[in-house]
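[1] make a model of this:
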Amino acid sequence: MGGTHEQEASTEEEEVPLFQENMANKVAEMNTSLCANIPAELIMSYHPYGKQIETEKMKGSGLDRGCLIKVRYGKKEHNFVQGQVQAWAVKTSNPFFQYKPERNPSAYQKVDGLGEKAVYLAYQRQLLVLKERVMYSMVPPSTGKLSDNGKEIKDLAIAMAKHYKL
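    Sure, this is the predicted structure:
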């Protein structure tokens with residue numbers, strides 16, 4: 001009888017690292033996909049004065065962490081606006097616990113129609129989308145609330161998420 005319980009326990013212990021490894025692989029694939037499929041035309045439509053778009057992979061602990069997006073306005077090294085896209089595995093049951101649109105609607109804005117749940121963080125100009133235990137972050141290149149053509153950066157973040165089919 002004791003053998004059955006020990007077998008069940010070891011099976012559960014083996015499943016947790018396997019699940020974590022599968023999630024890590026899924027997130028790495030998602031980050032690679034996010035970087036490979038940057039919606040350059042969409043981003044440039046919000047930055048009509050931009051000359052070119054560049055991407056740079058973010059690395060951390062040897063893992064793929066998404067990428068930086070730069071819209072360059074000229075030849076000088078400092079003449080650009082920057083954003084980023086990335087994904088990570090969710091490790092809590094309620095990853096949006098601190099972002100409550102009903103508590104502070106100007107800071108935390110609920111976004112319908114994306115993933116299982118989505119919140120736009122106005123002060124950070126960041127869209128967080130939860131889908132299948134993976135959190136996606138869209139931070140469009142910008143220097144403020146509005147883009148070069150007067151459109152809201154929030155709209156660009158939502159359009160980017162839709163481009164990625166979140």
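[2] drop to CA atoms for contacts and neighbour counts, all remaining ones
    Will do.
[3] now for the residue positioned nearest the centre of the chain: which residues touch it?
    With distances taken as CA atoms, centre = their mean, Ser137 lies nearest the centre of the chain, 1.9 Å away. Ser137 makes contact with 84-87, 126-129, according to CA atoms under 8 Å, 6 or more residues apart in numbering.
[4] now do Pro141
    43, 69-71, 81-84.
[5] in strands, which of those residues appear?
    Counting by DSSP state E, the part of the contacts of Pro141 found in strands is 69-71, 81-84.
[6] Lys154: which of those residues is nearest?
    For those, the closest approach to Lys154 (CA to CA) belongs to Gly83, at 12.6 Å.
[7] report how many residues lie close to the closest one.
    Using other CA atoms under 10 Å, Gly83 has 18 other residues around it.
[8] what does Gly50 give?
    Counted with other CA under 10 Å, Gly50 comes out at 19.
[9] quick check on it: phi, psi?
    Torsion angles at Gly50 (phi, psi; degrees, to the nearest 10) stand at phi -70, psi 140.
[10] and if you look at Phe96?
    According to degrees, to the nearest 10, Phe96 has phi -100, psi 20.
[11] same deal with Ile153?
    Dihedral angles of Ile153 (phi, psi; degrees, to the nearest 10) stand at phi -60, psi -30.
[12] now do the one 10 residues further on
    The phi and psi values for His163, taken as degrees, to the nearest 10, are phi -60, psi -40.
[13] what's the closest non-adjacent residue to it?
    Take His163 and drop its neighbours on the chain: the residue closest to it by CA to CA, 6 or more residues apart in numbering is Pro39, 7.0 Å away.
[14] touching, the one you found and Met160? I think so.
    Yes - judged on CA atoms under 8 Å, Pro39 makes contact with Met160 at a distance of 6.8 Å.
[15] where are the low-confidence patches of this protein?
    For the chain, the stretches with pLDDT under 70 are 1-20, 61-64.
[16] the helices in it, which residues?
    In the chain, the segments counted as helices under DSSP state H are 2-36, 40-46, 153-163.
[17] other SSEs contacting the shortest one?
    Here helix 40-46 is seen to pack against helix 153-163 when contacts are counted using 3 or more CA pairs under 8 Å, 6 or more residues apart in numbering; DSSP states H and E.
[18] so which bits of the helix it packs on are buried?
    For helix 153-163, a neighbour-count test (16 or more other CA atoms under 10 Å) marks 153-154, 156-161 as buried.
[19] could you do stretch 41-56 as well?
    By neighbour count on 16+ other CA under 10 Å, the buried set for stretch 41-56 is 43-44, 46-47, 50, 53, 55.
[20] many thanks, have a good one.
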